[in-house]
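Trainee: sharing a sequence plus its predicted fold:
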Amino acid sequence: MPSIISISGVTKTYATGFKALKEINLEIERGEIFALLGPNGAGKTTLISIVCGIVNRSSGTVTVDGHDITRDYRAARSLIGLVPQELTIDAFESVWATVNYSRGLFGKPANPAFVEKVLRDLSLWDKKDAKAITLSGGMKRRLMIAKALSHEPRVLFLDEPTAGVDVELRQDMWAMVRRLREDGVTIILTTHYIEEAEAMADRVGVINRGEIVLVEEKAELMRTLGRKRLVLELRSPIAAIPETFSRYGLERSPDGGQLTYTYDNQSERPGVASLIRDLEAAGIQFRDIDTQNSSLEEIFVNLVRKDA
Amino acid sequence: MNLRAVWAIYRMEMARAFRTVLQSIVSPVISTSLYFVVFGSAIGSRITEIDGISYGAFIVPGLIMLSLLTQSISNASFAIYFPKFVGSIYELLSAPVSYLEIVIAYVGGAATKSIILGLIILATASLFVPLHVEHPVWMLAFLVLTAVTFSLFGFIIGIWAKSFEQLQLVPLLIITPLTFLGGSFYSIDMLPGIWRTVTLFNPVLYLVSGFRWSFYGKSDVSIGISLGMTVVFLLVCIAIVAWIFRTGYRLRN
């Protein structure tokens, strides 16, 4: 099945001469949760803004479900819901009015039952008559989501959805995103909370300095770039690591009671099995073994640093 | 045509006016009444008639124009500047709405509000002076044409403005002086020669003059020229708006 969003050769140079995006090519698969990671100023929001029609691109093409975002902007935009990073709502409108306004703006006929369902799902129904200005930060964030969902989009952009949001609301949002995905909605989220991408994304794209550095299945990314650490608790501390172990690059804890071996699939270091064999041969005994996968955060930092 | 979007924006704009009814309607009614007290009574006691029309009645079309121009500009400029200022413009820009639909909705909303206001002022004025409208259809045509033209102008200012100060700049420094100097409160025949010629370069003169003609059948300049000038200004505004949207000026850049 063709991708739902196809970005090809997109560049953006601002009037100041700043090149925010350099030749972006990206395909978003139908029904997936795609996490776009990148440091501040990497171009995440610019890229989203171009796809949604908020910012004009300098060159390149973008299609949404086959519709060109310029030539066929009505069809393209009506498929998209956007929750921007900033809490930008008309403060004096009621929750009910502003969500219905969004639905109308996207050309959908009034459907109070549907809007009620959206508000109930986001725990906003009790506040339907409240003015946006009276809502808490978390509620405003939910209201922005309600506005984006009001016209039943097939693609949802969440730009830093959980920035400044408490843990409980974050969990609620993740649950909501998964529910939407079950309904077939494609979700693209930008974040610099790596655990968010780790918990939810099917695929991860990393953008840095206006370029896509990497796009990979999350599991595959963790497998190929993820570093593993093997921590050995020794029966008795050792004063120094024997020279014969230099090829393993072991680290000794200050008290000598722990050895750490770091390895990954691309490493040229020999494997875990031979290390254990060599330790036994050298008479170094251990009482416990622990392995740790590196997090997406470490992978991300490594990628961005390498690119710098 | 996304008529639902046009309706959604229009309704939202009208709702805003009703929410701020005191500012939108009551305050212009009060200031118009004050104009009558100050200009009508104080000056009217010295100038009894102009072109056979009592001074109080003479200034009514000018007063309506004054409010129509300033309110059309401030309604439309604020309506588009405010979402730009708070950031909620993202929704409008990401919606399947054409430029034409955006302009129809915002300018329609702003023009409707100022037309209602113009009619309220007319009703208020009728409490002070006996009014007579000789060409009611032309009166309405001028009312609508001016409201639409200056709402478009306000829309342009709202997009151009980068701060609240800039938003106020054009109405305050250009429109208000032009209105006061455009024959709202006097006939240009009362001015000395050179100032009469200078006044002929003031576009507001043609609006006020045409509008006054629709009331009393008398005007400073011919009705054809008044209408022509208003339409020219309307076309200039439409051309600027079309350019803004084609280039994304201060919206999509």
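Mentor: Ah, there it is.

Trainee: which parts of the stretch 1-150 of chain A sit against chain B?
Mentor: Neighbours of chain B within the stretch 1-150 of chain A, by Cβ under 8 Å from any Cβ of the partner chain: A:14-15, A:49, A:52-56, A:73-78, A:80, A:82, A:84, A:86, A:88-93, A:97, A:100-109, A:147. C-beta here means a position set from N, CA and C on the backbone, and glycine is covered the same way.

Trainee: in PyMOL, select just the buried ones from those.
Mentor: In PyMOL, this line selects whichever of those come out buried by 16 or more other Cβ atoms under 10 Å in any protein chain shown:
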select buried, chain A and resi 49+52+53+54+55+73+76+77+78+80+82+84+88+89+90+91+93+97+100+101+102+103+104+105+106+107+108+147
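
Trainee: okay, and which of the residues of the stretch 1-150 of chain A next to chain B map to strands?
Mentor: A:Ile80, A:Leu82 (DSSP state E).

Trainee: tell me the SS of the closest residue to A:Gly184 other than its chain neighbours?
Mentor: Closest residue to A:Gly184 apart from its sequence neighbours, by Cβ to Cβ, 6 or more residues apart in numbering or on different chains: A:Gly31 at 5.5 Å. When classified by DSSP: H, G, I helix; E, B strand; the rest coil, A:Gly31 comes out as coil.

Trainee: A:Gly31: neighbour count?
Mentor: The local packing of A:Gly31 (other Cβ atoms under 10 Å in any protein chain shown) involves 16 other residues.

Trainee: can you check the one 4 residues further on too?
Mentor: A:Ala35 sits with 26 neighbouring residues when counted by other Cβ under 10 Å.

Trainee: for the host helix or strand of it, output the C-alpha coordinates as PDB.
Mentor: In the assignment (DSSP states H and E), A:Ala35 maps to strand A:33-37. This file holds the C-alpha atoms of strand A:33-37, laid out as PDB (Å, rounded to 0.1, in the frame of the first residue of the first chain):
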ATOM      1  CA  ILE A  33       3.100   5.900  14.800                       C
ATOM      2  CA  PHE A  34       6.100   7.700  13.500                       C
ATOM      3  CA  ALA A  35       8.300   9.600  16.000                       C
ATOM      4  CA  LEU A  36      10.400  12.400  14.600                       C
ATOM      5  CA  LEU A  37      13.200  13.100  17.000                       C
END
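
Trainee: quick check: pLDDT value at the residue lying closest to B:Gly109 once chain neighbours are set aside.
Mentor: Closest residue to B:Gly109 apart from its sequence neighbours, by Cβ to Cβ, 6+ apart: B:Glu13 at 3.1 Å. Note on B:Glu13: pLDDT of 90.

Trainee: now for A:Ser102: which residues touch it?
Mentor: A:Lys147, A:Ala148, A:Ser150, A:His151, B:Glu91 (Cβ atoms under 8 Å, 6 or more residues apart in numbering or on different chains).

Trainee: for it, report the pLDDT, please.
Mentor: 95.

Trainee: thought A:Ile212 was touching A:Ile24?
Mentor: Yes. Between A:Ile212 and A:Ile24 there is a contact at 5.8 Å, judged by Cβ atoms under 8 Å.

Trainee: can you pull the pLDDT of the residue nearest to A:Gly184?
Mentor: For A:Gly31, the predicted pLDDT is 93.

Trainee: pick out the residue nearest the middle of chain B.
Mentor: Computing the C-alpha centroid of chain B and ranking residues by Cα atoms, centre = their mean puts B:Leu69 first, at 2.1 Å.

Trainee: that one and A:Ala15: what is the separation?
Mentor: Using Cβ to Cβ, to the nearest Å, one gets 33 Å for the distance from B:Leu69 to A:Ala15.

Trainee: same question, A:Arg181
Mentor: Computed as Cβ to Cβ, the A:Arg181 to A:Ala15 distance reads 38 Å.

Trainee: ok, B:Leu117 next?
Mentor: Separation of B:Leu117 from A:Ala15 (Cβ to Cβ): 39 Å.

Trainee: now do the strand holding A:Ala35: everything it contacts.
Mentor: Residues outside strand A:33-37 that contact it (Cβ under 8 Å, 6+ apart) are A:28, A:44, A:47-48, A:177, A:181, A:186-192, A:194, A:196-197, A:200-207, A:218, A:296, A:300.

Trainee: now, these that are in strands?
Mentor: Among the contacts of strand A:33-37, DSSP E puts A:Ile28, A:Thr186, A:Ile187, A:Ile188, A:Leu189, A:Thr190, A:Thr191, A:Arg203, A:Val204, A:Gly205, A:Val206, A:Ile207 in strands.

Trainee: make a markdown table out of these and add pLDDT and distance to A:Ser3.
Mentor: Output for those, formatted as a markdown table (pLDDT from 0 to 100; distance: Cβ to Cβ, whole Å):
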| residue | pLDDT | distance to A:Ser3 |
| --- | --- | --- |
| A:Ile28 | 95 | 6 |
| A:Thr186 | 96 | 9 |
| A:Ile187 | 95 | 14 |
| A:Ile188 | 95 | 12 |
| A:Leu189 | 91 | 17 |
| A:Thr190 | 88 | 18 |
| A:Thr191 | 80 | 21 |
| A:Arg203 | 94 | 11 |
| A:Val204 | 90 | 16 |
| A:Gly205 | 92 | 13 |
| A:Val206 | 88 | 18 |
| A:Ile207 | 89 | 17 |
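
Trainee: list the residues that contact the closest residue in space to A:Leu122 that isn't next to it in sequence.
Mentor: Spatial nearest neighbour of A:Leu122, chain neighbours left out: A:Arg142 (4.4 Å); criterion: Cβ to Cβ, 6+ apart. If you count contacts by Cβ under 8 Å, 6+ apart, A:Arg142 has them with A:Leu122, A:Ser123, A:Leu124, A:Leu169.

Trainee: also A:Thr186?
Mentor: Residues in contact with A:Thr186 (Cβ under 8 Å, 6+ apart) are A:Ile4, A:Ile5, A:Ile28, A:Glu29, A:Arg30, A:Gly31, A:Glu32, A:Ile33, A:Phe34, A:Arg154, A:Val155, A:Leu156.

Trainee: which stretches of the stretch 201-308 of chain A have low pLDDT?
Mentor: A:225-226, A:265-270, A:294-295, A:306-308 (pLDDT under 70).

Trainee: count of neighbours near the residue in it that chain B sits nearest to?
Mentor: Residue nearest to chain B within the stretch 201-308 of chain A: A:Gly210 (16.8 Å; Cβ to the nearest Cβ). Using other Cβ under 10 Å, A:Gly210 is surrounded by 21 other residues.

Trainee: that one and A:Leu296, how far apart?
Mentor: From A:Gly210 across to A:Leu296, the span is 21 Å (Cβ to Cβ).

Trainee: now swap in B:Pro136 and tell me
Mentor: For B:Pro136 relative to A:Leu296 (Cβ to Cβ), the value is 72 Å.

Trainee: neighbour count for those two, which is higher?
Mentor: Neighbour totals were compared for B:Pro136 and A:Leu296, and A:Leu296 leads with 24 against 10 (other Cβ under 10 Å).

Trainee: quick check: residues of the stretch 1-150 of chain B near chain A?
Mentor: Going by Cβ under 8 Å from any Cβ, the residues of the stretch 1-150 of chain B near chain A are B:2, B:4-5, B:7-9, B:11-12, B:15-16, B:19, B:82-83, B:86-88, B:90-98.

Trainee: buried among those? Make that a PyMOL selection.
Mentor: For the buried members of the residues of the stretch 1-150 of chain B next to chain A, the matching PyMOL selection, counting by 16+ other Cβ under 10 Å, is:
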select buried, chain B and resi 2+4+5+8+9+11+12+15+16+82+83+88+90+91+92+93+94+95+96+97+98
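
Trainee: which ones among the residues of the stretch 1-150 of chain B next to chain A map onto helices?
Mentor: The helices, defined by DSSP state H, take in B:4-5, B:7-9, B:11-12, B:15-16, B:19, B:82-83, B:86, B:90-94 from the residues of the stretch 1-150 of chain B next to chain A.
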